[in-house]
Structures are given as structure tokens and as C-alpha cells.
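In: Model the following, please.
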Amino acid sequence: MNLSQIPSLKPQILAQLQTAIEKNNLVSEPTTIPLTRAKNTIEIIYLSPIALKLASSQNDNKSNQLADYLSTRLNSECLNFNIEVIAPGWLKFQSTPMGLATWLQNLISTSLVSPFPPSMSASNSSSLFTIQYTHARCCSLLQTGHRENLIILEQNTHQIITPEPIPWLNSSQKLRFQEYSENALISRLADTLDSLATGTLQNPLKVATSLCEAFSSFHSSCRIWGEIKTQNPELSQARLGLIRATQNTLQFILQNFLATEAPTEL
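Out: This next block holds a predicted model:
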């Protein structure tokens with residue numbers, strides 16, 4: 001696996017935008033596509049002023065028309081995002097429940113092993129211990145889920161074999177997650193994987209620690225066992241899926257960015 005193969009959302013949007021631009025001959029030479037996550041929200045929303053940029057490069061002020069055109073083209077081909085135009089020519093990409101379910105399933109099923117050497121050597125710090133502890137805690141919870149017959153694990157990799165796919169969506173095809181901490185963890189996973197896949201990860205310790213903090217909030221407020229397991233086993237399985245997603249991402253950062261082990265128990 002190279003970094004471009006990391007399951008993340010931002011590269012999907014950029015690839016679709018680039019294809020739409022090239023197919024419709026909107027530029028005569030390659031152009032950089034600006035794309036950022038929307039701030040102050042845990043919803044998975046990306047924004048791009050690409051229509052403004054293209055209109056400016058063509059001395060054309062009709063950026064809204066260009067944005068409408070791009071939106072129509074992308075919506076006809078894109079299964080993972082709802083796309084709309086925001087004046088004065090921005091494109092707004094919001095992930096659909098089905099898109100998020102597909103992305104999460106891909107993440108928990110992918111062995112994130114990079115052939116590249118680690119970008120830094122981790123020091124023996126409290127932050128490193130927190131990351132390793134959280135990873136080990138995720139492994140322990142997954143093993144408990146296995147013993148409780150909620151999931152079946154591949155023991156060496158902690159990959160969830162059954163159920164496949166995880167029941168991320170309810171009967172109304174909405175994500176099962178209703179708690180703030182669940183969706184905040186998904187948001188943090190998206191940011192973390194975007195930074196890994198786009199090569200913008202400046203401080204692996206800081207990024208991994210932020211993911212650990214989001215996981216801690218999720219773990220303290222979202223039950224898996226007891227009444228939840230009995231009355232809503234699909235929610236328990238979906239929450240175990242989030243744990244696997246966190247474990248897989250932390251393992252990748254520990255081994256490939258911090259040059260240290262990802263312990264399964266402490």
C-alpha cells in the first residue's frame with residue numbers, strides 16, 4: 001500500500017472534481033483544486049471554491065453558473081456525497097449515510113501497512129503511552145466482542161470477519177449513530193485519514209493523541225454490552241466497528257509514522 005491507497009474521503013472528492021474538470025475541458029492546463037473540511041462542525045462536509053478559481057482564470061464572473069454545472073455533473077456520477085452550490089460559486093460536498101457506511105467498512109477491512117520508512121522516531125513520552133494504551137484498549141474491547149458472540153475476529157489482525165458488512169445503517173438507511181461522541185469520533189477519523197493520505201501529517205503524536213481523546217469520549221458515553229447488546233445488538237456491532245476503525249488507524253500511525261510497536265495489551 002502507498003499513501004494514496006489509504007481509505008480517506010478527501011482524495012475521493014479531489015479525484016471526482018479533477019475528472020469532471022478534465023472531461024468538460026474547463027481548463028487548458030493542470031490546476032490545483034482547493035478543498036477543505038468545513039469548520040466548527042462534526043458533520044463530514046467539504047468545501048471548494050473551485051468554480052470561483054476557474055471563473056477567475058477565464059476572466060468569467062459567472063462562477064455560480066459554473067458551480068451549478070459542476071454540481072450537476074458530479075451528482076450524476078458521485079455516490080458518496082450530496083453536492084450543492086453555495087454562493088458566490090463554492091461547491092459543498094456532504095457525505096451521505098451510505099457513503100459513510102461504505103467508507104467505514106473499507107477502513108475496517110483494510111490492512112494499513114505502508115512500505116515507506118517511518119517519518120519520525122517516537123520518544124518515550126506520555127503522549128506515546130496514551131496512544132499505545134488506547135490501541136491496546138481497542139484490541140481488548142474487540143476481543144470481548146468476539147467472546148460475547150457479537151463479532152468474529154481474525155485473531156492476528158483484529159479484522160472483523162462477521163458480520164460482513166457491519167450493520168452501520170438502520171432500516172431507514174440512516175447511520176445508527178445518534179450520540180454526539182460517536183459522530184465526533186467519525187469526524188476525527190476522517191480528519192486523521194485525510195492528513196495521512198494527502199501527506200499533510202505534520203505531527204503524528206498530536207494527530208494520534210487527538211484521535212485517542214475522541215475515542216475516550218466515545219468509550220465513556222457509548223455502551224456496548226448489557227442492555228444495549230440484548231435489545232439492540234446491531235448498534236453494539238456498529239460501535240465495535242468504530243473501535244476497529246480506531247484500532248486500525250492507531251496501529252498504522254504507531255508502526256509507520258512513530259516507528260514503535262502497537263501493543264495489543266498492556
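In: Using the three-state scheme, assign Glu84.
Out: Following DSSP: H, G, I helix; E, B strand; the rest coil, we place Glu84 in the strand state.
In: same check, this time on Phe93
Out: Phe93 ends up strand, using three-state DSSP.
In: what about it, neighbour count?
Out: Close neighbours of Phe93, defined as other Cβ atoms under 10 Å, add up to 27. Bear in mind the C-beta positions are built from the backbone N, C-alpha and C, glycine included.
In: go on, Asn80?
Out: Asn80: 19 neighbours (other Cβ under 10 Å).
In: Would you list the phi and psi of Lys39?
Out: phi -90, psi 160 (degrees, to the nearest 10).
In: Identify the residues contacting it.
Out: Lys39 sits next to no residue when contact means Cβ atoms under 8 Å, 6 or more residues apart in numbering.
In: now it: how far from Ser187?
Out: From Lys39 over to Ser187 the distance is 11 Å, taken as Cβ to Cβ, to the nearest Å.
In: can you check Phe252 too?
Out: 18 Å.
In: Chain neighbours aside, what residue packs nearest to Glu154?
Out: Spatial nearest neighbour of Glu154, excluding adjacent residues (Cβ to Cβ, 6 or more residues apart in numbering): Ile161 at 5.6 Å.
In: Now for the protein, the helix or strand with the poorest mean pLDDT.
Out: Here the helix or strand of the chain ranked lowest by mean pLDDT, DSSP states H and E is helix 63-77, holding a mean of 72.
In: Identify each buried residue in that helix, please.
Out: 63-64, 66-71, 73-74 (16 or more other Cβ atoms under 10 Å).
In: Put together a markdown table for those residues, with distance to Val27 on each row.
Out: What follows is the buried residues of helix 63-77, written out as a markdown table (distance: Cβ to Cβ, whole Å):
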| residue | distance to Val27 |
| --- | --- |
| Ser63 | 14 |
| Asn64 | 18 |
| Leu66 | 11 |
| Ala67 | 15 |
| Asp68 | 18 |
| Tyr69 | 14 |
| Leu70 | 12 |
| Ser71 | 17 |
| Arg73 | 14 |
| Leu74 | 16 |
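In: and this structure, what are its domains?
Out: Domains of the chain are assigned by automatic domain parsing as 3-95, 117-256.
In: And for stretch 85-93, what's in contact with it?
Out: By Cβ under 8 Å, 6+ apart, stretch 85-93 touches 13, 17, 38, 45-52, 55, 63-64, 66-68, 70-71, 74, 81-84.
In: right, and Trp103 touches Leu9 too?
Out: Yes: with contact defined as Cβ atoms under 8 Å, Trp103 and Leu9 form a contacting pair (6.2 Å).
In: Give the residues shared as contacts by the two.
Out: 80, 95.
In: helix/strand/coil for the residue nearest to Glu154?
Out: Here Ile161 takes the strand state, with states given by three-state DSSP.
In: Quick check: pLDDT value at it.
Out: Note for Ile161: predicted pLDDT of 96.
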